[in-house]
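> show me the folded form of this:
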Amino acid sequence: METEIKLEVRDLEPVRQRLQALGADCLSVVEETNVYFDRDHELQDRQESLRLRQDSQVRLTWKGPTVFEEGVVNRPEVEITVSSFSDVLALLERLGYREIERLAKRRETWRFLGAEIALDSLAFGQFVELEGPTKIITEMARRLGLDPRQGLSESYRKLKRERGFSKSI
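This is a model prediction of the structure:
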């Protein structure tokens, strides 16, 4: 199960400075390629997604329907690390899945008090994602000067489309 809070910010630098002041550990800074797939809208119809992500690793992730409450997103998630981006692309195509969207992002990943904090820069905005147990991530948001109740329910894909940065393929 994935439990997260996603908050939009004007500038990531104040959040980065607060993380440093708290003694959080910066684990990585990566450029991500995220490719989303569907087959005859079957995943979309079930409010699910299938994503292939490449950064310093390659991971295939399935996500189930979202439950959103008081700024916190909960959804089932299964993620596996795979050895080859191109082989997984070929496998999914042979299974009838088509690429429906791509999303590029720069992500800084931090860890503090059992929470993973991602500072995400995308073409359409800057965001802070906090992932972990609800109590920990809501407290972590407050420590970073953010209001967890302002959490967004929309996925990056939906925000990208709403802001006119692309349409699904």
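> just the helices in this structure please.
Using DSSP state H, the helices of the chain run over 13-22, 42-45, 85-94, 134-143, 156-162.
> for V72, what are its contacts?
Going by C-beta atoms under 8 Å, 6 or more residues apart in numbering, V72 touches T3, E4, I5, T134, I137, T138, P148, G151. In this view, the C-beta of every residue, glycine as well, is placed from N, C-alpha and C.
> who wins for proximity to R102 among the helices of the chain?
Of all the helices of the chain, helix 156-162 sits nearest to R102, with 9.8 Å by C-beta to C-beta.
> what comes up buried for that closest one?
Going by neighbour count (16 or more other C-beta atoms under 10 Å), the buried part of helix 156-162 is Y156, R157, L159, K160, R161.
> and what of stretch 71-86?
G71, V72, V73, N74, R75, F85.
> return the subset of those lying in strands.
V72, V73, N74, R75 (DSSP state E).
> quick check, nearest of those residues to T109?
V73 (17.8 Å).
> could you measure the closest one against E4, distance?
V73 is 5 Å from E4, where distance means C-beta to C-beta, to the nearest Å.
> could you do Q54 as well?
For Q54, the distance to E4 - C-beta to C-beta - is 21 Å.
> now swap in D55 and tell me
18 Å.
> got it, and G145?
Taken as C-beta to C-beta, the span from G145 to E4 is 18 Å.
> more crowded one of the two?
E4 (20 against 10; other C-beta atoms under 10 Å).
> can you name the residues that contact that one?
V72, V73, E129, L130, E131, I137 are the contacts of E4 under C-beta under 8 Å, 6+ apart.
> since we're on the fourth one, how many residues are nearby?
The number of residues packed around L130, counting by other C-beta under 10 Å, is 26.
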